[in-house]
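Undergrad: build me a model from this:
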Amino acid sequence: MLIAAAVCPCPPLLVPEIAAGAAPELDGLRAACAEAVRALAAARPERLIVVGPAERAGRGPHAQGAAGSFRGFGVEVEVRLAAPAADGASGSDDAGQGPSPSLPPSPSLPLSLAVAAWLLEHAGWDPAVPVEGLGVGEPLAAERCIEVGRELAGRAERMALLVMGDGTACRTLKAPGYLDERAAPFDAEVARALAAADTGALAALDEELAYELKAAGRAPLQVLAGAAEGAPLKGELRYDEAPYGVGYFVASWSS
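TA: Just a heads-up that it's a prediction; the model follows:
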(Lines give C-alpha, C1' and ligand atoms only; values in the text may rest on other atoms or scores of the structure.)
Protein backbone atom coordinates (compact mmCIF):
# COMPACT_ATOMS: atom_id res chain seq x y z
CA MET A 1 0.00 0.00 0.00
CA LEU A 2 1.23 3.47 -0.79
CA ILE A 3 1.87 5.39 2.43
CA ALA A 4 3.83 8.36 1.05
CA ALA A 5 4.92 9.98 -2.19
CA ALA A 6 7.01 12.90 -3.33
CA VAL A 7 6.90 14.66 -6.68
CA CYS A 8 9.99 16.47 -7.96
CA PRO A 9 11.04 17.86 -11.34
CA CYS A 10 14.04 16.38 -13.12
CA PRO A 11 16.01 19.13 -14.91
CA PRO A 12 19.74 18.39 -14.90
CA LEU A 13 20.22 21.99 -13.73
CA LEU A 14 19.32 20.76 -10.25
CA VAL A 15 22.91 19.47 -10.15
CA PRO A 16 24.95 22.59 -9.22
CA GLU A 17 27.98 21.53 -11.26
CA ILE A 18 25.81 21.60 -14.39
CA ALA A 19 24.09 24.88 -13.53
CA ALA A 20 27.47 26.48 -12.74
CA GLY A 21 27.02 30.25 -12.36
CA ALA A 22 23.24 29.94 -12.55
CA ALA A 23 23.12 27.42 -9.69
CA PRO A 24 21.80 29.91 -7.06
CA GLU A 25 18.73 30.54 -9.22
CA LEU A 26 17.42 27.08 -8.34
CA ASP A 27 18.44 26.99 -4.67
CA GLY A 28 14.80 27.26 -3.62
CA LEU A 29 13.85 24.35 -5.86
CA ARG A 30 16.69 22.21 -4.53
CA ALA A 31 15.66 22.96 -0.95
CA ALA A 32 12.04 22.03 -1.67
CA CYS A 33 13.13 18.75 -3.28
CA ALA A 34 15.34 17.91 -0.28
CA GLU A 35 12.44 18.58 2.08
CA ALA A 36 10.16 16.33 0.04
CA VAL A 37 12.70 13.48 0.08
CA ARG A 38 13.21 13.86 3.84
CA ALA A 39 9.43 13.71 4.30
CA LEU A 40 9.46 10.40 2.42
CA ALA A 41 12.12 9.06 4.76
CA ALA A 42 10.14 10.23 7.79
CA ALA A 43 7.21 8.05 6.67
CA ARG A 44 9.43 4.98 7.28
CA PRO A 45 8.59 3.05 4.11
CA GLU A 46 9.67 -0.55 3.61
CA ARG A 47 10.56 0.18 -0.02
CA LEU A 48 10.96 3.19 -2.29
CA ILE A 49 10.39 3.15 -6.02
CA VAL A 50 11.56 6.07 -8.12
CA VAL A 51 9.48 6.65 -11.24
CA GLY A 52 10.54 8.99 -14.02
CA PRO A 53 10.26 9.60 -17.77
CA ALA A 54 12.69 7.72 -19.98
CA GLU A 55 13.64 7.33 -23.60
CA ARG A 56 13.32 3.85 -25.06
CA ALA A 57 16.75 2.63 -23.86
CA GLY A 58 16.02 3.66 -20.29
CA ARG A 59 12.53 2.25 -19.92
CA GLY A 60 11.72 -0.50 -17.46
CA PRO A 61 13.21 -1.29 -14.06
CA HIS A 62 16.59 -0.21 -12.71
CA ALA A 63 18.23 -1.97 -9.81
CA GLN A 64 19.32 -0.37 -6.60
CA GLY A 65 22.90 0.75 -7.15
CA ALA A 66 22.41 1.32 -10.89
CA ALA A 67 24.76 3.97 -12.24
CA GLY A 68 23.97 7.25 -13.93
CA SER A 69 26.17 9.99 -15.32
CA PHE A 70 25.98 13.67 -16.24
CA ARG A 71 29.05 13.56 -18.49
CA GLY A 72 26.84 14.47 -21.43
CA PHE A 73 26.51 17.91 -19.83
CA GLY A 74 30.25 18.42 -19.63
CA VAL A 75 30.73 17.60 -15.93
CA GLU A 76 32.37 14.63 -14.26
CA VAL A 77 29.47 13.81 -11.95
CA GLU A 78 28.34 10.23 -11.54
CA VAL A 79 25.61 8.87 -9.29
CA ARG A 80 24.20 5.57 -8.12
CA LEU A 81 20.64 4.80 -7.16
CA ALA A 82 21.21 4.47 -3.40
CA ALA A 83 23.37 1.49 -2.39
CA PRO A 84 23.56 -1.80 -4.32
CA ALA A 85 20.86 -4.26 -3.35
CA ALA A 86 22.10 -7.55 -1.94
CA ASP A 87 19.35 -9.65 -3.50
CA GLY A 88 19.46 -8.26 -7.05
CA ALA A 89 16.54 -6.63 -8.81
CA SER A 90 13.57 -7.59 -10.87
CA GLY A 91 13.32 -7.05 -14.58
CA SER A 92 10.89 -5.69 -17.13
CA ASP A 93 7.59 -6.96 -18.51
CA ASP A 94 7.17 -7.53 -22.22
CA ALA A 95 5.97 -3.96 -22.72
CA GLY A 96 9.15 -2.62 -21.14
CA GLN A 97 7.13 -0.70 -18.58
CA GLY A 98 6.48 -2.81 -15.50
CA PRO A 99 8.21 -5.14 -13.06
CA SER A 100 8.69 -8.82 -13.83
CA PRO A 101 11.29 -11.34 -12.65
CA SER A 102 12.06 -12.69 -16.13
CA LEU A 103 14.39 -10.03 -17.59
CA PRO A 104 17.41 -8.20 -16.15
CA PRO A 105 17.19 -4.49 -15.36
CA SER A 106 18.61 -1.85 -17.67
CA PRO A 107 22.30 -1.14 -16.93
CA SER A 108 22.22 2.68 -17.02
CA LEU A 109 19.90 5.20 -15.42
CA PRO A 110 17.88 7.53 -17.65
CA LEU A 111 18.36 11.21 -16.93
CA SER A 112 15.28 11.56 -14.72
CA LEU A 113 16.41 8.72 -12.45
CA ALA A 114 19.98 10.04 -12.39
CA VAL A 115 18.63 13.35 -11.07
CA ALA A 116 16.60 11.38 -8.51
CA ALA A 117 19.72 9.49 -7.45
CA TRP A 118 21.48 12.82 -6.93
CA LEU A 119 18.56 14.09 -4.84
CA LEU A 120 18.50 10.95 -2.69
CA GLU A 121 22.24 11.17 -2.08
CA HIS A 122 22.18 14.83 -1.13
CA ALA A 123 19.10 14.45 1.08
CA GLY A 124 20.83 11.68 3.03
CA TRP A 125 18.55 8.76 2.09
CA ASP A 126 19.06 5.75 4.37
CA PRO A 127 20.71 3.04 2.22
CA ALA A 128 19.09 0.38 4.43
CA VAL A 129 15.73 1.17 2.80
CA PRO A 130 15.53 -0.69 -0.55
CA VAL A 131 15.24 1.53 -3.61
CA GLU A 132 14.33 0.64 -7.18
CA GLY A 133 13.89 2.75 -10.29
CA LEU A 134 11.31 2.54 -13.06
CA GLY A 135 11.62 4.46 -16.32
CA VAL A 136 8.34 5.01 -18.16
CA GLY A 137 7.97 6.12 -21.74
CA GLU A 138 6.06 9.22 -22.79
CA PRO A 139 3.75 7.21 -25.10
CA LEU A 140 2.53 4.95 -22.27
CA ALA A 141 -1.26 5.24 -22.21
CA ALA A 142 -2.97 6.59 -19.11
CA GLU A 143 -4.74 3.28 -18.49
CA ARG A 144 -1.44 1.39 -18.49
CA CYS A 145 0.21 4.01 -16.26
CA ILE A 146 -2.56 3.52 -13.72
CA GLU A 147 -2.21 -0.26 -13.91
CA VAL A 148 1.54 0.01 -13.31
CA GLY A 149 0.90 2.26 -10.31
CA ARG A 150 -1.50 -0.25 -8.80
CA GLU A 151 1.07 -3.01 -9.27
CA LEU A 152 3.76 -0.94 -7.57
CA ALA A 153 1.55 -0.06 -4.60
CA GLY A 154 0.96 -3.76 -3.95
CA ARG A 155 4.63 -4.65 -3.67
CA ALA A 156 4.98 -3.77 0.02
CA GLU A 157 2.76 -3.01 2.98
CA ARG A 158 4.52 0.34 3.36
CA MET A 159 5.43 1.54 -0.13
CA ALA A 160 6.70 5.01 -1.06
CA LEU A 161 7.15 6.63 -4.48
CA LEU A 162 9.47 9.38 -5.63
CA VAL A 163 7.90 10.65 -8.84
CA MET A 164 10.13 12.64 -11.17
CA GLY A 165 8.73 14.77 -13.98
CA ASP A 166 8.40 18.30 -15.29
CA GLY A 167 5.29 20.23 -16.21
CA THR A 168 4.83 21.96 -19.53
CA ALA A 169 7.76 23.49 -21.41
CA CYS A 170 5.71 26.23 -23.08
CA ARG A 171 5.17 28.85 -20.39
CA THR A 172 7.14 31.75 -21.94
CA LEU A 173 8.48 32.96 -25.28
CA LYS A 174 11.94 31.68 -24.34
CA ALA A 175 10.70 28.29 -23.14
CA PRO A 176 11.97 25.17 -24.96
CA GLY A 177 8.55 24.78 -26.60
CA TYR A 178 7.88 28.51 -27.09
CA LEU A 179 4.79 30.15 -25.59
CA ASP A 180 1.51 28.24 -25.65
CA GLU A 181 -1.46 29.79 -23.87
CA ARG A 182 -2.73 26.33 -22.89
CA ALA A 183 0.37 25.63 -20.81
CA ALA A 184 -0.40 27.76 -17.75
CA PRO A 185 -3.90 26.29 -17.23
CA PHE A 186 -2.53 22.76 -17.67
CA ASP A 187 0.16 23.35 -15.05
CA ALA A 188 -2.32 25.05 -12.73
CA GLU A 189 -4.52 21.95 -12.77
CA VAL A 190 -1.53 19.71 -12.05
CA ALA A 191 -0.53 21.95 -9.13
CA ARG A 192 -4.08 21.91 -7.77
CA ALA A 193 -4.25 18.11 -8.04
CA LEU A 194 -0.90 17.70 -6.27
CA ALA A 195 -1.94 20.03 -3.46
CA ALA A 196 -5.20 18.12 -2.99
CA ALA A 197 -3.79 14.60 -3.57
CA ASP A 198 -6.45 14.34 -6.28
CA THR A 199 -5.76 11.05 -8.02
CA GLY A 200 -8.77 11.41 -10.29
CA ALA A 201 -7.51 14.69 -11.71
CA LEU A 202 -4.05 13.26 -12.39
CA ALA A 203 -5.56 10.17 -14.02
CA ALA A 204 -7.64 12.44 -16.27
CA LEU A 205 -4.72 14.48 -17.64
CA ASP A 206 -5.03 14.77 -21.41
CA GLU A 207 -2.28 12.66 -23.01
CA GLU A 208 -2.33 14.44 -26.37
CA LEU A 209 -2.33 17.89 -24.82
CA ALA A 210 0.50 16.93 -22.46
CA TYR A 211 2.53 15.75 -25.47
CA GLU A 212 1.87 18.98 -27.38
CA LEU A 213 2.92 21.05 -24.35
CA LYS A 214 6.03 18.90 -23.74
CA ALA A 215 4.88 17.96 -20.23
CA ALA A 216 7.36 15.15 -19.59
CA GLY A 217 5.87 14.31 -16.20
CA ARG A 218 2.45 13.21 -17.46
CA ALA A 219 3.06 9.45 -17.46
CA PRO A 220 4.88 9.31 -14.08
CA LEU A 221 2.11 11.41 -12.51
CA GLN A 222 -0.47 8.97 -13.80
CA VAL A 223 1.54 6.09 -12.33
CA LEU A 224 1.24 7.96 -9.03
CA ALA A 225 -2.51 8.26 -9.57
CA GLY A 226 -2.79 4.49 -9.88
CA ALA A 227 -0.56 3.78 -6.91
CA ALA A 228 -2.46 6.17 -4.63
CA GLU A 229 -5.93 4.96 -5.59
CA GLY A 230 -7.91 4.47 -2.40
CA ALA A 231 -5.02 5.46 -0.14
CA PRO A 232 -5.92 8.03 2.56
CA LEU A 233 -3.23 10.54 1.62
CA LYS A 234 -3.09 14.30 2.05
CA GLY A 235 -1.19 16.59 -0.30
CA GLU A 236 1.20 19.47 0.25
CA LEU A 237 2.47 21.62 -2.62
CA ARG A 238 6.00 22.78 -1.73
CA TYR A 239 7.00 24.50 -4.99
CA ASP A 240 5.16 25.70 -8.10
CA GLU A 241 7.18 27.93 -10.43
CA ALA A 242 8.22 28.05 -14.07
CA PRO A 243 11.87 29.13 -14.27
CA TYR A 244 13.12 29.09 -17.84
CA GLY A 245 9.50 28.70 -19.00
CA VAL A 246 9.17 25.11 -17.72
CA GLY A 247 6.68 24.14 -15.04
CA TYR A 248 8.34 22.65 -11.97
CA PHE A 249 6.37 21.19 -9.06
CA VAL A 250 7.46 19.75 -5.73
CA ALA A 251 4.81 18.04 -3.64
CA SER A 252 4.47 15.62 -0.76
CA TRP A 253 1.66 13.13 -0.19
CA SER A 254 1.41 11.47 3.22
CA SER A 255 -1.09 9.72 5.44
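
Undergrad: C-alpha only now, for contacts and for neighbours.
TA: Fine.

Undergrad: all strands for the stretch 151-255 of the chain, in order.
TA: Assigned by DSSP state E, counting those that start in this stretch, the stretch 151-255 of the chain shows strands spanning 159-164, 234-241, 248-254.

Undergrad: which of those strands sits closest to C33?
TA: Shortest separation from C33 across those is recorded for strand 248-254, at 6.3 Å, computed as C-alpha to C-alpha.

Undergrad: give me the contact list for that closest one.
TA: Outside of strand 248-254, the residues within contact range by C-alpha atoms under 8 Å, 6 or more residues apart in numbering are 3-9, 29, 32-33, 36, 39-40, 43, 166-167, 191, 194-195, 197, 233-242.

Undergrad: and those residues, which of them are in helices?
TA: In helices, defined here by DSSP state H, the members of these are 29, 32-33, 36, 39-40, 191, 194-195.

Undergrad: show me which of those is closest to A57.
TA: Distances from those to A57 were compared by C-alpha to C-alpha; the smallest belongs to C33, at 26.4 Å.

Undergrad: which residues does that closest one contact?
TA: C33 makes contact with 8, 119, 250, according to C-alpha under 8 Å, 6+ apart.

Undergrad: coming back round to it: and the buried ones among the contacts of strand 248-254, selectable in PyMOL?
TA: What follows is the PyMOL syntax for the buried subset of the contacts of strand 248-254, where burial is set by 16 or more other C-alpha atoms under 10 Å:
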select buried, resi 3+4+5+6+7+8+9+29+32+33+36+39+40+43+166+167+191+194+195+197+233+235+236+237+238+239+240+242
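
Undergrad: let me have the strands of the stretch 151-255 of the chain in CSV, extended by mean pLDDT and distance to V50.
TA: Below are these laid out as CSV (pLDDT from 0 to 100; distance: least, C-alpha to C-alpha, whole Å):
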stretch, mean pLDDT, distance to V50
strand 159-164, 98, 5
strand 234-241, 98, 18
strand 248-254, 98, 14
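
Undergrad: out of the ones you listed, nearest to A20?
TA: With C-alpha to C-alpha as the criterion, A20 lies closest to strand 248-254 of the strands of the stretch 151-255 of the chain, at 19.5 Å.

Undergrad: what strands flank the closest one, and is each parallel or antiparallel?
TA: Using DSSP bridges, the strands paired with strand 248-254 are strand 2-8 (antiparallel), strand 234-241 (antiparallel).

Undergrad: any idea of the angle that strand forms with strand 159-164?
TA: Using axes from the mean of the first three to the mean of the last three C-alpha atoms, to 10 degrees, the interaxial angle of strand 248-254 with respect to strand 159-164 works out to 170 degrees.

Undergrad: could I get the full set of helices for the stretch 101-250 of the chain?
TA: 111-122, 142-153, 183-196, 199-203, 207-212, 218-227 (DSSP state H, counting those that start in this stretch).

Undergrad: chain center to the fifth one: distance?
TA: On the basis of C-alpha atoms, centre = their mean, to the nearest Å, helix 207-212 is displaced by 18 Å from the centre of the chain it belongs to.

Undergrad: now do the last one
TA: Relative to its chain's centre, helix 218-227 lies at 9 Å (C-alpha atoms, centre = their mean).

Undergrad: need the mean per-residue confidence for that helix.
TA: Confidence for helix 218-227, expressed as mean pLDDT, is 98.
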